[in-house]
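Peer 1: after the sequence you'll find the predicted model.
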Amino acid sequence: MSPKRAATVPPRRDRRPADVPRPAPAGGTDGSVRQRRILAALRSWRAALRIARREAGRARGRTALVLAMIALPVLALAFAAVTYDMSRLTGAERIDRQLGTADAELRWLADGPLVQDAWGDNGYPREGVRHRNRPVTAAELTAQLPAGTRVGKAQWWVPFEARVGNRRKTFDGRQLDLTDPLLRGQARQLAGRPPTAADEIGLNQAALRQLHVRLGDRVAPADGSGDRTVVGVVEFPDGLGPTVALPPAPGTRVESRGQTRWLVDLPDDVDPGLTDRLNARGIVVVARTPAPHPGVDAGLLDASVSAEEAGNAVLIGGLGLLEVVLLVGPAFAVGVRRRRRDLALVAVAGGDAAHLRRIVLADGVVLGCAGAAAGLALGVAAALAARPLTEEYVFQERFGAYRIFPAALAAIAAVAVLAGVLAALAPAWTAARQDVVAGLAGRRTPPPHRRRWPLIGAVLTVGGAAVAALGAAQSTTVLFAGLVLGELGLVFTTPTLVGLLARAGRWLPLAPRVALRDASRNRASAAPAISAVMAAVAGSVALGVYVASDDARTTVTYRPGLPYGHVMVVGSGAATGTLPPVARVAEVAAAELPPNAVARIDTPACAEPATPAAPAPADADADAEEWCDVQAELPPGQLCPYEPPQLQDAAVRLRVRADPRCAEWLADMRNGYSLSSVVDEGDALPALTGAAPQEIAAARRVLRAGGAVVTDPRYVLDGRVTLVATRARDEPESTGTVRATVPGYVLRGGVEVDQLVLSHAAAARVGLAARQHGYILATDAAPTPDQQDRFDAELQRLAPLQVVVERGHPETDQRPVLLLLAIASGLITVGAAAVATGLAAAEGRADLSTLAAVGASPRVRRVLSLCQAGVIAGLGSALGITAGLGTAVIVLVATNRRYAESWPVEEPYPIVVPWLTLGVLVVVPLVAMLGAGLFTRSRLAVERRLD
């Protein structure tokens, strides 16, 4: 055996010694070399894009699938962006709509100097200046304006109640003279004429639909003031909801500040000097040309979007982008496996790993651009076509000019292309690492699974949970960042979970064993689909837990103002002075309701004339309205010994919670209809408090002795209660207080809100009188809605009265929200399972041919598709439910810890499982499996195998 000859390398003529530097190419510099490399990369990308375009035409089914999944979210985002841009009025558009044909709009808000922003949207009195409560007359306003000025009054937000059958409906009313040329620009007259008489009204289209009337029909007001004729159909551009146009009513008092607008026609333009003079008188000016000057606070201009809101939007958009990438990723992975021979030929022809990656990434670029173009075109067209419907039924106001928001559309298109590239990124790296020989032979050689990926996933999951818990106690932006990190961690760990689950398939029958094996072998397509299902289900479950927990928390914090089922009947406006007698109301109640007691309710009012202890100031306006209030005063020993600055210390807050004297600070605001103070001799006590008969008897004895009844024992000291009455004129200045100590009794009823019941003698001792407020009805059972409507309708024949029934916590049925969340995630689950199952079936034709060749029955293919869908949907739903519940628990526990350390004390969130959502999500995988089994052909075609 002769030894092998040493391999020799023939010498090259151009070889130079190692220590002699190689000369640079002729004309070659670093810049030229870099330019050649860039040109080579561009030529490589151009070839890759041509290959991607050709491949898109060859695989039309997969191309259509990817385009649909990219174009649909682009369509929705483009629709929202264009609609938002059209709905956002520019300054000129908003002022034109607000002023109409007028030169300016004035609002008299204060009795002295005020500060306003440049556009007149906001204004507040300077320090020490009171808000104006007195009504403004046209003559008083004209005296502040140049000679020759015309003014017109328009009152917004005037409630108008109409009766439809037995039910009462409240509409937004606008009171103005639409025949005045100065006010005519505030509305469009679509049909008929403007209302001018007191028995005429105008309605917009939404109000016509709700009242079921037409032009010329009669509408019955709920207060029984007489039917009104619909004489016109009007449209207010800024209020397309149910709105009523009312004729002007001279002498009507303005019920609340800021709702009366005065439109003016000036002989000249609005100059800064006029704005300064009107601001000094307490008048806010809205002009067509805002001009900030020393008298105007430009710092009150609309604030831009906060950094936290921008961060939240970016993170939520990132979650949506990740969902799209996960849904599209399997299609690219299957496409790479179908083209492995073509890619191997590229490698044989001299292509390196970078060329292979560019070819696959070019698929993402081409399909991302095509999906973006299709989605943008459809989204813009849909937004423009649906504009009338969106204006009326969504925003309920007319939009500005037609705009398409080019900056947002460009960003959406860029995100769509980015989604395509990211979806093709993992398959591109896989293609660059494939075995060339195996690719030429058509054999599948899945790359070995890297152990670092599950480790990275575990670290991201744990870190994301910690960040989310921290964000729940500090910032929503940090919370969303933690959720994104946690979801990415679960995505990284999903392939490992699929591999572990596949090992258990050895004990399963044929079809599920093959399905698990395919999922493990084809993790590049199965794992993204499972992750997409997991992300959708996790988000749905987490939101469902939060919604259910928030509803439970609201129910726990509700404090009823009356015993359950009891009825309060109150007068409205000036009708309180002409209420019918108790016996008449009792007759109506006996016919419509099952009451067992009816009593009159009186509330404290200012005694006339004013008592010497509370004199009116000498400079008080004669038109100013007085108001009076009475409260029980805590004895000195029952006062909370802590000051608000001390509450910054956590240890002090703990002591405050344990101190019963600080219970008033810890009490929640009441939610039900209740009266804080009542003047009564004991007749209304049973219906107001629901206390036991023996307690009611003892309380009556105290009231008849000239005392008072309270529901909080801290106010009673040695059987006495101290009352403090306050008389005020023109808030917030108080003009006098009166104190008196009277006999007291603690009535422990079934109502948790604090109540004070005064006898007439006790009210007189503090300078107060009693004014009838309404009636209280005790019932054995809560009246049904139909009984309440009939009772309300009968009471309107007597006086303008309102009926309030205590039914406990207002029903906020969250089932539609939970069901909508479950349906949304269910659709994503079914779609992802269908896509992954279809791609797996297309990829596994060779395996199906083998099964047919060895004698498998036609039913095997259906069962195999059913099991493949079950692996995707079932595993994704199980992981999503677990992740969603864990996320919700982390967020709620962290939020409760923040509440436990905050002040004032807030009710913690209970952890409530939304069983409706979970039930739907458990059924969804079964639906996906059933659909896969029904839509899969059972015939197993025998194909020729080349390998």
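Peer 2: Received the coordinates, thanks.
Peer 1: got the domain ranges for the protein?
Peer 2: In the assignment given by automatic domain parsing, the structural domains of the chain cover 43-103+332-440, 104-299, 448-557+811-947, 567-805.
Peer 1: out of those domains, which is closest to Gly318?
Peer 2: Each of those has some distance to Gly318 by Cβ to Cβ; the shortest is domain 448-557+811-947, at 5.8 Å. Quick note: C-beta positions are derived from backbone N, CA and C, even for glycine.
Peer 1: which residue is the nearest non-sequential neighbour of Leu266?
Peer 2: Taking Cβ to Cβ, 6 or more residues apart in numbering, and ignoring the residues beside it in sequence, Leu266 has Asp103 as its nearest neighbour in space, at 4.5 Å.
Peer 1: for Val656, same thing?
Peer 2: Cys662 (4.8 Å).
Peer 1: for stretch 332-345, the averaged confidence score.
Peer 2: The average of the pLDDT scores along stretch 332-345 is 79.
Peer 1: and the longest helix along the chain, what does it pack onto?
Peer 2: Taking DSSP state H as the assignment, the helix of the chain that covers the most residues is helix 859-901. In terms of contacts (3 or more Cβ pairs under 8 Å, 6 or more residues apart in numbering; DSSP states H and E), helix 859-901 is packed against helix 452-474, helix 476-503, helix 510-521, helix 523-557, helix 815-843, helix 845-853, helix 915-934.
Peer 1: between that helix and helix 452-474, how big is the angle?
Peer 2: Note on geometry: by axes from the mean of the first three to the mean of the last three Cα atoms, to 10 degrees, helix 859-901 and helix 452-474 are set 40 degrees apart in direction.
Peer 1: how far off centre is helix 859-901?
Peer 2: Distance, stretch centre to chain centre, for helix 859-901: 24 Å (Cα atoms, centre = their mean, to the nearest Å).
Peer 1: circling back to that earlier point, so the residue nearest to Val656 sits against Gln638, correct?
Peer 2: No. The pair formed by Cys662 and Gln638 falls short of the contact definition of Cβ atoms under 8 Å, at 10.0 Å.
Peer 1: quick one: residues contacting the residue nearest to Pro635 when sequence neighbours are not counted.
Peer 2: The shortest distance from Pro635 to any residue other than its chain neighbours is 4.2 Å, reached at Leu717 (Cβ to Cβ, 6+ apart). The neighbours of Leu717, taking Cβ atoms under 8 Å, 6 or more residues apart in numbering as the test, are Pro635, Gly637, Gln638.
Peer 1: and what of Arg288?
Peer 2: Counting by Cβ under 8 Å, 6+ apart, Arg288 makes contact with Ala92, Ile95, Asp96, Leu99, Asp103, Ala104, Val270.
Peer 1: how close does the residue nearest to the first one when sequence neighbours are not counted sit to Ala220?
Peer 2: It refers to Ala92. Beyond its immediate neighbours in the sequence, the residue positioned closest to Ala92 (Cβ to Cβ, 6+ apart) is Arg288, lying 7.8 Å away. Using Cβ to Cβ, to the nearest Å, we find Arg288 at a distance of 42 Å from Ala220.
Peer 1: please report phi then psi for the nearest residue to Asn896 once chain neighbours are set aside.
Peer 2: Of all residues beyond its chain neighbours, the one nearest Asn896 is Pro908 (4.0 Å), with distances taken as Cβ to Cβ, 6+ apart. Dihedral pair for Pro908: phi -70, psi 160, per degrees, to the nearest 10.
Peer 1: what does Arg126 give?
Peer 2: In terms of degrees, to the nearest 10, the main-chain angles of Arg126 are phi -70, psi 170.
Peer 1: show me what contacts it?
Peer 2: Gly112, Pro113, Leu114, Val115.
Peer 1: residues near the first one, how many?
Peer 2: Around Gly112 sit 14 other residues, with neighbours defined as other Cβ atoms under 10 Å.
Peer 1: do the second one as well
Peer 2: Pro113: 16 surrounding residues under other Cβ under 10 Å.
Peer 1: that one touches Ala280, doesn't it?
Peer 2: Yes. Pro113 is within contact range of Ala280, at 5.1 Å (criterion: Cβ under 8 Å).
Peer 1: let me know the average pLDDT across the longest helix of the chain.
Peer 2: Regarding helix 859-901, the rounded mean pLDDT is 82.
Peer 1: how big is the angle separating that helix from helix 523-557?
Peer 2: Taking the same axes, to 10 degrees, one finds that helix 859-901 is oriented at 40 degrees with respect to helix 523-557.
Peer 1: oh, and call the first residue 247 from now on, that's how I've got it
Peer 2: In the new count, where the first residue is 247, that last one comes out as helix 1105-1147.
Peer 1: got the angle for helix 1105-1147 vs helix 722-749?
Peer 2: 150 degrees.
Peer 1: could you give the angle of helix 1105-1147 to helix 1161-1180?
Peer 2: 160 degrees.
Peer 1: just after the least confident helix or strand in the chain by mean pLDDT, pick out the following helix or strand.
Peer 2: Scoring the helices and strands of the chain by mean pLDDT, DSSP states H and E places helix 909-912 at the bottom, with a mean of 59. Beyond helix 909-912 in the direction of the C-terminus, DSSP states H and E gives the next helix or strand as strand 923-925.
Peer 1: what's that following strand in contact with?
Peer 2: The set of residues external to strand 923-925 that reach it, using Cβ under 8 Å, 6+ apart, is 847-850, 875-877, 930, 934, 1001-1006, 1009, 1014, 1016.
Peer 1: run the last query once more with 6 Å
Peer 2: Taking contacts as Cβ atoms under 6 Å, 6 or more residues apart in numbering, the residues outside strand 923-925 that touch it are Asp848, Pro850, Val876, Leu1002, Val1003, Leu1004, Ala1009, Ala1016.
Peer 1: ok, the second one touching Gln877?
Peer 2: No. Using Cβ atoms under 6 Å, Pro850 makes no contact with Gln877, being 10.0 Å away.
Peer 1: Ala836: what secondary structure?
Peer 2: Reduced to three states with DSSP: H, G, I helix; E, B strand; the rest coil, the structure at Ala836 is helix.
Peer 1: gap between it and Gly470?
Peer 2: 21 Å.
Peer 1: who's more crowded, those two?
Peer 2: Comparing Ala836 with Gly470 by neighbour count (other Cβ under 10 Å), the higher total belongs to Gly470, at 16 against 11.
Peer 1: now that one: closest residue in space that isn't a chain neighbour?
Peer 2: Beyond its immediate neighbours in the sequence, the residue positioned closest to Gly470 (Cβ to Cβ, 6+ apart) is Gln1042, lying 4.7 Å away.
Peer 1: and for the one you found, the neighbour number?
Peer 2: That count, for Gln1042 with other Cβ under 10 Å as the rule, works out to 20.
Peer 1: look up phi and psi at it.
Peer 2: The phi/psi pair for Gln1042 (degrees, to the nearest 10) is phi -60, psi -20.
Peer 1: one step back: by how many degrees do the longest helix of the chain and helix 756-767 diverge?
Peer 2: Per the same axes, to 10 degrees, the angle that helix 1105-1147 makes with helix 756-767 is 60 degrees.
Peer 1: that older thread, can I get the contacts of strand 923-925 in a markdown table including secondary structure, neighbour count and pLDDT?
Peer 2: Formatted as a markdown table, the entries for the contacts of strand 923-925 read as follows, by DSSP: H, G, I helix; E, B strand; the rest coil; neighbours: other Cβ atoms under 10 Å; pLDDT from 0 to 100:
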| residue | secondary structure | neighbour count | pLDDT |
| --- | --- | --- | --- |
| Asp848 | strand | 20 | 89 |
| Pro850 | strand | 26 | 89 |
| Val876 | strand | 23 | 87 |
| Leu1002 | strand | 23 | 88 |
| Val1003 | strand | 26 | 90 |
| Leu1004 | strand | 31 | 90 |
| Ala1009 | helix | 28 | 89 |
| Ala1016 | strand | 20 | 88 |
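Peer 1: which among these gets closest to Gly303?
Peer 2: Proximity of those to Gly303, judged by Cβ to Cβ, is greatest for Leu1002, which lies at 82.2 Å.
Peer 1: ok, that closest one - contacts?
Peer 2: For Leu1002, the contacting residues are Ala878, Ser923, Val956, taking Cβ under 6 Å, 6+ apart as the criterion.
Peer 1: brilliant, that's me finished.
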